[in-house]
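Novice: how would this look folded up:
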Amino acid sequence: MTKIKITQIRSIIDRPKKQKLTIEALGLGRPNWSVVHNDTPQIRGMIQKVTHLVKTEELKD
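Specialist: Numbering: from 1, shown residues only. Down below sits the predicted model:
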């Protein structure tokens with residue numbers, strides 16, 4: 001399965017609560033933190049809600 005590396009590039013200060021909760025659900029919390037997740041529709045949906053706060057890269061196995 002393809003993996004996605006998600007890096008938070010912007011702070012969540014002064015963001016709506018739903019965006020803060022989405023960032024937390026992805027396992028992020030501070031700018032320049034990165035996590036790796038499986039490429040699933042659920043993760044893609046969360047990324048789509050906070051695209052202005054994160055950077056994504058697809059990783060090959």
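Novice: for the rest of this, base every contact and every neighbour count on C-alpha atoms.
Specialist: Fine.
Novice: which residue is the nearest non-sequential neighbour of the residue of the chain positioned farthest from its centre?
Specialist: Ranked by distance from the centre of the chain (C-alpha atoms, centre = their mean), the top residue is Asp61, with 19.6 Å. Counting by C-alpha to C-alpha, 6 or more residues apart in numbering, Thr2 is the residue found nearest to Asp61 once chain neighbours are left out, at 6.6 Å.
Novice: list the contacts of the residue nearest to Gln8 when sequence neighbours are not counted.
Specialist: Setting aside the residues directly before and after it, Gln8 is nearest to Val54 in space (C-alpha to C-alpha, 6+ apart), at 4.3 Å. Residues in contact with Val54 (C-alpha atoms under 8 Å, 6 or more residues apart in numbering) are 6-10, 47.
Novice: now render these as TSV, adding neighbour count, secondary structure and pLDDT.
Specialist: As requested, these are exported to TSV (neighbours: other C-alpha atoms under 10 Å; DSSP: H, G, I helix; E, B strand; the rest coil; pLDDT from 0 to 100):
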residue	neighbour count	secondary structure	pLDDT
Ile6	21	strand	98
Thr7	19	strand	98
Gln8	24	strand	98
Ile9	16	coil	98
Arg10	14	coil	97
Ile47	19	helix	98
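Novice: widest-spaced pair of these?
Specialist: Arg10 and Ile47 (13.5 Å; C-alpha to C-alpha).
Novice: in the sheet, who's paired with His37?
Specialist: Ile4 (DSSP bridges).
Novice: that one reaches Lys3, doesn't it?
Specialist: Yes - His37 is within contact range of Lys3, at 5.6 Å (criterion: C-alpha atoms under 8 Å).
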